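Asker: A predicted structure for the sequence below; I have some questions about it.
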Amino acid sequence: MTQFTYELDEIDKAAQVVIETAADQRVWIFQGDMGAGKTTLIKALSKAFSVTDQVSSPTFGIVNHYENQGGEIFYHFDFYRMDDPTEALDIGIEEYFYSGNYCWLEWAEKIAAFLPENFLLVRIINDSETKRTLNLQHIKDAS
């Protein structure tokens, strides 16, 4: 496990640590309390990947689709408002996970039964108003 503590004004540095730690893993699950900074970190990651689209939480649409200048595709999911986990199957969640594209998931615990076996877990701990700690862990064979 990799741990990294940062001040909010160092979020671009934190994004680089996540990218380096992820290596070739394309499914990243973000965990943290409400307001911990999951979407803010995803915005910083998008910037690091030169995403050209406006990045925002897909709270009502469940998934947002972004692209960068190189044509790479990124999917950003937010399952917070999902009441029935089988709704994830209705949107074809498995096709997204195994597409080879980046998949960034918020509130993935709501669809735990449908998560892939391998992913990067990004836990965000809210240490103070201006300080966060990331715990980064490669999960293998999570079934």
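Answerer: Received it, and whenever you're ready, just let me know what you need.
Asker: going forward, measure contacts between C-alpha atoms and count neighbours the same way
Answerer: Will do.
Asker: torsion angles phi and psi at the closest residue to Asp53 other than its chain neighbours?
Answerer: With Cα to Cα, 6 or more residues apart in numbering as the criterion, Asp53 has its nearest non-adjacent residue at 5.7 Å, and that residue is Tyr66. Dihedral angles of Tyr66 (phi, psi; degrees, to the nearest 10) stand at phi -120, psi 160.
Asker: again, but for the one 5 residues further on
Answerer: Reported as degrees, to the nearest 10, the phi and psi values for Gly71 are phi 90, psi 0.
Asker: ok, the one 5 residues further on next?
Answerer: The phi/psi pair for His76 (degrees, to the nearest 10) reads phi -120, psi 120.
Asker: hang on, isn't it packed against Leu105?
Answerer: Yes: here His76 reaches Leu105: they are 6.0 Å apart, a contact under Cα atoms under 8 Å.
Asker: between these two, tell me which one has more neighbours.
Answerer: Using other Cα atoms under 10 Å as the criterion, His76 and Leu105 rank with Leu105 on top: 25 against 22.
Asker: okay, the more buried one: pLDDT?
Answerer: If you check Leu105, the pLDDT there is 96.
Asker: again with the one 10 residues further on
Answerer: Looking at Leu115, its pLDDT reads 94.
Asker: contacting residues around the closest residue to it other than its chain neighbours?
Answerer: With sequence-adjacent residues excluded and distances taken as Cα to Cα, 6+ apart, Leu115 is closest to Ala108, at 7.7 Å. By Cα atoms under 8 Å, 6 or more residues apart in numbering, the contact list for Ala108 reads Ile29, Phe30, Gln31, Asp78, Phe79, Leu115.
Asker: now, which of those lie within strands?
Answerer: Members of those lying in strands (criterion: DSSP state E): Ile29, Phe30, Gln31, Asp78.
Asker: neighbour-wise, which of the residues you listed leads?
Answerer: Highest neighbour count within these, by other Cα under 10 Å: Phe30, with 24 neighbours.
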